[in-house]
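Student: below are the sequence and a predicted model; questions follow.
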Amino acid sequence: MLGNDDWWRDAVVYQVYPRSFADADGDGTGDLAGVRDRLGYLSELGVDAIWLSPFYTSPMADGGYDVADYRDVDPMFGSLADFDALVADAHARDIRVIVDLVPNHSSDRHPWFQAGLRERYIFRDKPNDWESIFGGPAWTQVEDGSWYLHLFAPEQPDLNWDNPEVRAEFRGILRFWLDRGVDGFRIDVAHGMVKAEGLPDVGQKDGPQAEMLGDEQVPYFDQDGVHEIYREWRPILDSYPGGRMAVAEAWVSSPERLARYIGPQELHQAFNFEFMMADFHAKSFRAVIEKSLKEAELVGAPTTWVLSNHDKPRHVTRHGGLARARAATLLMLALPGSAYLYNGEELGLPEVLDLPDELRQDPAFLRRGQSRDGCRVPLPWTSADGLGWRDPWLPIPAEWAELSAEAQQDDPGSTLNLYRAALKLRKRHPALGGGTLRWLDSPKDVLAIERDPGLIVVLNTGEEPARVDLPGEVLLSSGPLMEDGVIPPDTTVWLQR
Ligand code: NOJ
């Protein structure tokens, strides 16, 4: 089945956080061999692709988003040979492989930074007022008194994209992984890289700048010059066979700004974070879906949907429980476009809220008191002691024995089997991921849509059971149903007319 150049348009992509997914060598940190061992699991789940968060050589100051060698695998995750074997086995199962590219910053352990190649970074005699996304100033002083810019942790110096050597290096890195057979890239901080000429002050002081400025642009994000870079990259992707793609992690102020990243000259798609941020309410979901569809029209490519990732609290916890999470998932998987799943959501894992502070590793916690570790806890594979791990890098709650893949494997009502059934139906009814969407009349707090003629999706976000007059055979439901035509609260149903 590999070979369809447009595969990404309605793909279900499974994000693997390699450190937490599966551990083949038993050292407490997940690895590429662990991912390879679980390809059977992923194939049974029914995903079209995996996206691997960074597994490159890294001191792990930011979970691998601090890269010291862009062309190698960190020994903690394995070797290039493990990577090649993973790609070969994934392709043999018709699973594509997307890797993470981190072009805004390198690690401070990168040979360029170590060798003092200052013109490849952003050094100044005096800092301006920019703040790090992780909190505190975005500048750190070095021994000779000068300062370097880091929009994230001090261990992540920003690269200087005005320097042609930096640009050439990343073109080479793209080719390196394309030559190894990757099917695409997730571009980290795709709205970063280019900074406004002269690095002007933002001029605002209280609170994180990037969030506070809302609709306005900060001088370090979403600068026009960044598009030049993507216009250089796209012909490289297009020169390889089989539909190599790129998806942008871009936080920008409006759909119109986001649209500028997408299209035949630039990137293929961008994450639609608004869906992830929507409240569990029919009205909020409808508003976001309508907006996203307009956006998709604007760029001529279907949008992406995402409910959880390694940066945000898991949606079981965000939306207030497993029933709601399952309902939101069935809504997402019936929307036109591609869907990005985050490892462990198929097990219904909640956010871990009570990790002891001394075990937390997220640099954002150290600088700003906010931690993303709770969604990065290793996945429970078995129900036996250790849940499939020996001394995992973050402790796994003992009660996750009930949520383990093993415990859910043969339980028809499990979340794992709900995801499997949904992905199977999505393959059988291509209209679920593609096609058209029509809103149907529905009671308050209920969202009802028709996907292509005949497939109906109904979600009840209200507190009372809702009677809907929509005849059809139930294909799948996120929770137990009551009498015919009555949808319980926090439930999504797929119907075939
Ligand atoms: C976005 C990544 O998803 C996040 O995990 C990381 O900390 C920042 N970019 C910096 O690379």
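Tutor: Cool, got the structure.

Student: going forward, measure contacts and count neighbours with C-alpha atoms only.
Tutor: Will do.

Student: who's in contact with the residue of the stretch 201-350 of the chain found nearest the ligand?
Tutor: Residue nearest to the ligand within the stretch 201-350 of the chain: residue 311 (5.5 Å; C-alpha to the nearest ligand atom). For residue 311, the contacting residues are 372, 375, taking C-alpha atoms under 8 Å, 6 or more residues apart in numbering as the criterion.

Student: looks to me like it is in a helix.
Tutor: No - secondary structure of residue 311, determined by DSSP: H, G, I helix; E, B strand; the rest coil: coil, with no helix assignment.

Student: thought residue 249 was touching residue 271?
Tutor: Yes - with contact defined as C-alpha atoms under 8 Å, residue 249 and residue 271 form a contacting pair (5.8 Å).

Student: who has more neighbours out of these two?
Tutor: For the pair residue 249 and residue 271, the greater number of neighbours falls to residue 271 (21 against 18), based on other C-alpha atoms under 10 Å.

Student: and the pLDDT at that one?
Tutor: Predicted confidence (pLDDT) at residue 271: the value is 92.

Student: for the stretch 201-350 of the chain, list the residues in contact with the ligand, please.
Tutor: Counting by C-alpha under 6 Å from any ligand atom, the residues of the stretch 201-350 of the chain close to the ligand are residue 311.

Student: helices of the stretch 201-350 of the chain, residue ranges please.
Tutor: Counting by DSSP state H, counting those that start in this stretch, the stretch 201-350 of the chain has helices at residues 209-212, 226-238, 255-259, 273-277, 282-299, 315-318, 322-332.

Student: let me know which of those helices is tucked in deepest.
Tutor: helix 322-332 (a mean of 24; mean count of other C-alpha atoms under 10 Å).

Student: one step back: and the gap between the residue of the stretch 201-350 of the chain closest to the ligand and residue 128?
Tutor: As defined by C-alpha to C-alpha, to the nearest Å, residue 311 lies at a distance of 27 Å from residue 128.

Student: can you check residue 482 too?
Tutor: 61 Å.

Student: so for these two, which sits in the more crowded spot?
Tutor: Neighbour tally, residue 482 and residue 128, criterion other C-alpha under 10 Å: the higher count belongs to residue 128, 17 against 10.

Student: and for the residue nearest to residue 303 when sequence neighbours are not counted, the neighbour number?
Tutor: For residue 303, the nearest residue in space outside its immediate sequence neighbours is residue 337; the separation is 5.0 Å by C-alpha to C-alpha, 6 or more residues apart in numbering. Counted with other C-alpha under 10 Å, the burial measure for residue 337 works out to 24 neighbours.

Student: closest residue of the chain to the ligand?
Tutor: When scored by C-alpha to the nearest ligand atom, the chain has residue 65 as its residue closest to the ligand, at 4.6 Å.

Student: can you tell me the element that residue falls in?
Tutor: Assignment of secondary structure by DSSP states H and E places residue 65 within no helix or strand.

Student: residue 456 too?
Tutor: Take DSSP H and E as the rule and residue 456 turns out to sit in strand 455-460.

Student: any weak-confidence spans in the protein?
Tutor: 1-3, 205-208, 210-216 (pLDDT under 70).

Student: rerun that using 80 as the cut-off
Tutor: Counting by pLDDT under 80, the chain contains low-confidence residues at 1-3, 204-216, 255, 366, 368, 471, 484.

Student: domains in it, by residue range?
Tutor: In the domain annotation for the chain, the residue ranges read 7-106+164-428, 437-496 (automatic domain parsing).

Student: ok, which of the ones you listed comes nearest residue 118?
Tutor: With distances scored as C-alpha to C-alpha, the stretch of these nearest to residue 118 is domain 7-106+164-428 (11.7 Å).

Student: helices of the stretch 51-200 of the chain, start to end?
Tutor: For the stretch 51-200 of the chain, the helices defined by DSSP H, counting those that start in this stretch occupy 80-92, 111-114, 164-179.

Student: and among those, the most buried is which?
Tutor: Note that of the helices of the stretch 51-200 of the chain, helix 80-92 is the most buried (mean count of other C-alpha under 10 Å), with a mean of 17.

Student: counting by contacts, list what it packs against.
Tutor: Of the remaining helices and strands, those touching helix 80-92 by 3 or more C-alpha pairs under 8 Å, 6 or more residues apart in numbering; DSSP states H and E are helix 32-37, strand 69-73, strand 96-101.

Student: columns distance to residue 342 on top of those, output as TSV?
Tutor: Formatted as TSV, these follow (distance: least, C-alpha to C-alpha, whole Å):
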stretch	distance to residue 342
helix 32-37	14
strand 69-73	22
strand 96-101	14
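
Student: now the ones you listed as a markdown table including distance to residue 263 and mean neighbour count?
Tutor: Formatted as a markdown table, the entries for those read as follows, by distance: least, C-alpha to C-alpha, whole Å; neighbours: other C-alpha atoms under 10 Å:
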| stretch | distance to residue 263 | mean neighbour count |
| --- | --- | --- |
| helix 32-37 | 32 | 23 |
| strand 69-73 | 26 | 18 |
| strand 96-101 | 19 | 24 |
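
Student: let me have those in CSV, adding distance to the ligand as columns.
Tutor: Putting the helices and strands packed on helix 80-92 into CSV (distance: least, C-alpha to the nearest ligand atom, whole Å) gives the following:
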stretch, distance to the ligand
helix 32-37, 19
strand 69-73, 14
strand 96-101, 9
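
Student: for residue 10, what are its contacts?
Tutor: Residue 10 makes contact with 302, 336-339, 433-434 under the criterion C-alpha under 8 Å, 6+ apart.

Student: all strands for the stretch 1-150 of the chain, in order.
Tutor: Counting by DSSP state E, counting those that start in this stretch, one finds strands in the stretch 1-150 of the chain at the ranges 12-16, 49-52, 56-57, 69-73, 96-101, 123-124, 139-141, 147-149.

Student: closest one to residue 390 among the ones you listed?
Tutor: strand 12-16 (19.5 Å).

Student: phi and psi next, for residue 31.
Tutor: For residue 31, the backbone dihedrals are phi -150, psi 170 (criterion: degrees, to the nearest 10).
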